[in-house]
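> sequence first, predicted coordinates after that:
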Amino acid sequence: MSSPFTGVWKINLDESKVWDADKQTWISPDPVGFEEVTMYVTDKYYDQEILFGTNPTLRMTVSTAWDGDWVPYMVRDVTYPDVNLPKLPKMELGPEAAPEIGQPYGWVKMMYINDGFHYRLNRANDGNSPTYLMSRRMHDDERSYTATVSNASGDVVIQRRFDRH
């Protein structure tokens, strides 16, 4: 059984926003610049590849069973731009160290709720410290979904819309 999340999704920057913890304000359009998520989802498994950001661009993967064990969110590639692009606003979400190819960006656990909704829990590389919680809610038309990210304190810091590509 395939899920409506199976497919390639691109961020809709104009319909997305992030909380800037330093300036205490929402920023839109989303300054991430680029995000493409490829998911293969069944009733038993979740596989994802993500291309994320412009300074740098990360390629990360995760493959896991729903409601299974914690698994590494692996960095597969890091590409730095030829130009000096602005850094993302401070959101207090994850590793402070630079991502390393072949190393985990953190640890994740996927929780299946129903075909149109799931959670991703995230921990730091120490295996204990929470970093963030992401929910994904499929829209009724199954052509877009909303990802909402809360930091370890429970504050919503990212709201992103993704459109089917």
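Structure received.

> got any ranges where this structure has weak pLDDT?
Where the chain drops to pLDDT under 70, the residues are 1, 83-97.

> centre-most residue in it?
Taking CA atoms, centre = their mean, the centroid of the chain lies closest to Met134, which sits 7.3 Å from it.

> please report phi then psi for Arg120.
phi -130, psi 120 (degrees, to the nearest 10).

> what's it in contact with, if anything?
With contacts defined as CB atoms under 8 Å, 6 or more residues apart in numbering, Arg120 is in contact with Val108, Lys109, Met110, Met111, Leu133, Met134, Arg136. (Each C-beta comes from the backbone N, C-alpha and C, glycine too.)

> quick one on the thing from earlier: any idea how far Pro81 is from the residue nearest to the centre of the chain?
Summarising the geometry, the distance separating Met134 from Pro81, computed by CB to CB, to the nearest Å, is 26 Å.

> wouldn't Glu49 be in contact with Thr38 here?
Yes - A contact is recorded between Glu49 and Thr38 when judged using CB atoms under 8 Å, the distance being 4.7 Å.

> mind naming the longest strand for the protein?
strand 104-114 (DSSP state E).

> pairing partners for that strand, with directions?
Strand pairing for strand 104-114, determined by DSSP bridges: strand 71-79 (antiparallel), strand 117-123 (antiparallel).
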